[in-house]
Each structure stands twice: as structure tokens, then as C-alpha cells.
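K.L.:
Let's see this in three dimensions:
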Amino acid sequence: MLFNSRIMKKYSLSTPFGRFLLVGLLEGISYLVLLCIAMPLKYMADMPEAVRIAGMVHGVLFVLFMLLLLQVVIEYKWSIGKGFLAFAASIVPFGTFFLDRLLIKKNETVNG
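P.N.:
Below you'll find the model as predicted:
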């Protein structure tokens, strides 16, 4: 998981990859909050402000995720397919969590 201290040291926020992993995690959490908490509150408890707030937070994190994805694709010379996979993961619930694990595992095997 991303909060493993060894992983946090290796992928610090001073690197584009580390920032991408962190924002991916936060974006995934915000997506789940929007879907599993804010939407039910809106429709079951008549609290539309929950969606407005969670939606805004998620929107900002999604845009930040896309900008960091672009930076990582360019800087680390990712293929179009790998970049598209990361984009697709951001649309699917839980997708960014699986993406983080996949990228960390792949990077661990490549770089030791």
C-alpha cells in the first residue's frame, strides 16, 4: 500500500511519480466518497450540498491527477497504452488503488 514507510521514502513527494501516486490515492478516495456517501445523502436524505462539496473536491483532484499523469507520461516516457490505462483507472471506482499497486509492484521489480 502507498502508506508503507519504505514505499513513502522511495516515492517521495519531491518526485513526479510520488506526487502522482499520492494524488491517485486521494482521487480514488474522493470518488468513493462521492459515490458511496454524497450521492446517497443527496437522494435519500435530501442533502444536495453533500454532492456539491464532494463533487468539487473530486473534480479538483481529478484535474490534478490528469495533469500529473501528463507530466509522468512525458517525464518517464510512458507508452500511450500505459497512459491510457492510468486514465481508464481513474474512471473506474477503486481503479486508482489498483493502479497504484500495479505501478509500485512493476517499479519494484524493474528497479529492485
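K.L.:
Please make it C-alpha for all contacts and neighbour counts, starting now.
P.N.:
Fine.
K.L.:
Could you look up the SS state of V73?
P.N.:
helix (DSSP: H, G, I helix; E, B strand; the rest coil).
K.L.:
check contacts around it.
P.N.:
79, 83 (Cα atoms under 8 Å, 6 or more residues apart in numbering).
K.L.:
Next: W78.
P.N.:
Per Cα under 8 Å, 6+ apart, neighbours of W78: V72.
K.L.:
Next one: it from Y31, what distance?
P.N.:
25 Å (Cα to Cα, to the nearest Å).
K.L.:
Kindly report the same for L99.
P.N.:
Counting by Cα to Cα, the gap from L99 to Y31 is 15 Å.
K.L.:
Same question for I53.
P.N.:
12 Å.
K.L.:
Give me the more crowded residue out of these two.
P.N.:
Counted by other Cα atoms under 10 Å, I53 and Y31 do not tie: Y31 has more neighbours, with 26 against 13.
K.L.:
Spatially nearest residue to the more buried one (excluding sequence neighbours)?
P.N.:
H58 (6.1 Å; Cα to Cα, 6 or more residues apart in numbering).
K.L.:
Quick check: the one you found vs L99, distance?
P.N.:
18 Å.
K.L.:
ok, now A54?
P.N.:
22 Å.
K.L.:
Helices along the chain, start to end?
P.N.:
5-10, 16-33, 39-44, 48-75, 80-91, 95-111 (DSSP state H).
K.L.:
Would you mind finding the most buried of those?
P.N.:
Mean neighbour count (mean count of other Cα atoms under 10 Å) peaks for helix 16-33 among these, with a mean of 21.
K.L.:
what about that one, average pLDDT?
P.N.:
In this model, helix 16-33 has an average pLDDT of 93.
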